[in-house]
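**Student:** Sequence and predicted structure are below.
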Amino acid sequence: MKQEAVKAPGDSDNATVVVQTGKQGWWQSLTPKQRKVITSIAIGLGISLVAAVAIYFGVQFVRNKVASTEENKSLGRDSHATWAKLIQNAFDNNGWPGTDEKLLRDTLREIPSKEDFRKVQVSYRRLFKGNNLVEVMTGELKQSEYNEMLAIINSKPEKAKDAQQGVVIYDPHGWAKRLNAAVNYRWAGIFWGTDEEAIEAVIAEMPTQQAYLDTATAYSDLYGVTLAEDIIGDLSSYEIEKYRQIIRNKPRK
């Protein structure tokens, strides 16, 4: 019976596992990545290759069961699992390069509180077999895009009960970042445009006219131009008047 000595990359020459290949076609049927992981488990734990295979596929089985359970939640009433799937859909972008920023932005805006976002992170990890949502976001987005999404999350109240009571975090700098991203929106990462819905959503969050003025000040500090110049240059007169009316209807302070 032919034997083959294998070792995990990076391990010492003495850290080897002997694989009997003559009657074990199952080993050759595994992918190179699977063989590498299984060999590393066997060497790291000092166990037989058969035991390492059992551990590897046992972990995979548990992960698949957890993902399946979370998938069923997303088809029911569990909003956190549904939001997690929508976020992944934004990353996948229907197979196109880049991330569907609008879908990601809209989904994050729907999440009512930081507490709910943490639950979405848990659902995401379960659905997508251990992937960390924040780490995936940092890999998928440019720094400016990530900062915008982070500003959306930070603008939310801490607890779900606070969101139900209409509590709003006073965050002029966060609003300014989101408005700048909306003005400089790029569809499919290529075509420049303006996300009017995002602008309206941010302005609607501002509790007072003073909040808008504070946001305008933060905008000038951050970007070196006035908020009015950026918005007026990108919107129709009808849209400008609509947003002005929203602001006029707010209390002064």
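**Tutor:** On my side now, so go ahead. Residues are numbered from 1 along each chain as shown.
**Student:** gap between the nearest residue to Met206 once chain neighbours are set aside and Ser236?
**Tutor:** Closest residue to Met206 apart from its sequence neighbours, by Cβ to Cβ, 6 or more residues apart in numbering: Tyr212 at 5.3 Å. Where C-beta positions appear, they are placed from N, C-alpha and C, glycine not excepted. Tyr212 sits 20 Å away from Ser236, taking Cβ to Cβ, to the nearest Å as the criterion.
**Student:** out of these two, which sits in the more crowded spot?
**Tutor:** Applying other Cβ atoms under 10 Å to Tyr212 and Ser236 shows that Tyr212 carries more neighbours, namely 21 against 11.
**Student:** Which strands or helices does the helix or strand Lys85 falls within pack on?
**Tutor:** Using DSSP states H and E, Lys85 maps to helix 79-92. Helix 79-92 sits against helix 49-74, helix 101-110, helix 114-127, helix 133-140, with contacts defined as 3 or more Cβ pairs under 8 Å, 6 or more residues apart in numbering; DSSP states H and E.
**Student:** Quick one: mean pLDDT for the shortest one?
**Tutor:** Okay, so that is helix 133-140. Across helix 133-140, pLDDT averages out at 93.
**Student:** One more: stretch 195-212?
**Tutor:** Averaging pLDDT along stretch 195-212 yields 88.
**Student:** chain center to that stretch, what's the gap?
**Tutor:** When C-alpha coordinates are averaged (Cα atoms, centre = their mean, to the nearest Å), stretch 195-212 and its chain have centres 23 Å apart.
**Student:** can you list the helices and strands packed on helix 79-92 in CSV and add mean neighbour count and distance to Asp195?
**Tutor:** Listed next are the helices and strands packed on helix 79-92 as CSV, based on neighbours: other Cβ atoms under 10 Å; distance: least, Cβ to Cβ, whole Å:
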stretch, mean neighbour count, distance to Asp195
helix 49-74, 14, 26
helix 101-110, 20, 7
helix 114-127, 19, 21
helix 133-140, 15, 18
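**Student:** Tell me which of the ones you listed sits nearest to Ile240.
**Tutor:** helix 101-110 (21.6 Å; Cβ to Cβ).
**Student:** ok, and the closest non-adjacent residue to Glu239?
**Tutor:** Distances taken as Cβ to Cβ, 6+ apart put Glu196 closest to Glu239, at 6.1 Å, once the chain neighbours are dropped.
**Student:** Let me know how buried the one you found is, in neighbour terms.
**Tutor:** What Glu196 shows, counting by other Cβ under 10 Å, is a neighbour count of 16.
**Student:** Repeat that for the one 10 residues further on.
**Tutor:** Counted with other Cβ under 10 Å, the burial measure for Met206 works out to 21 neighbours.
**Student:** I'd say it and Pro251 touch.
**Tutor:** No: contact criterion Cβ atoms under 8 Å: Met206 and Pro251 do not qualify, at 10.7 Å.
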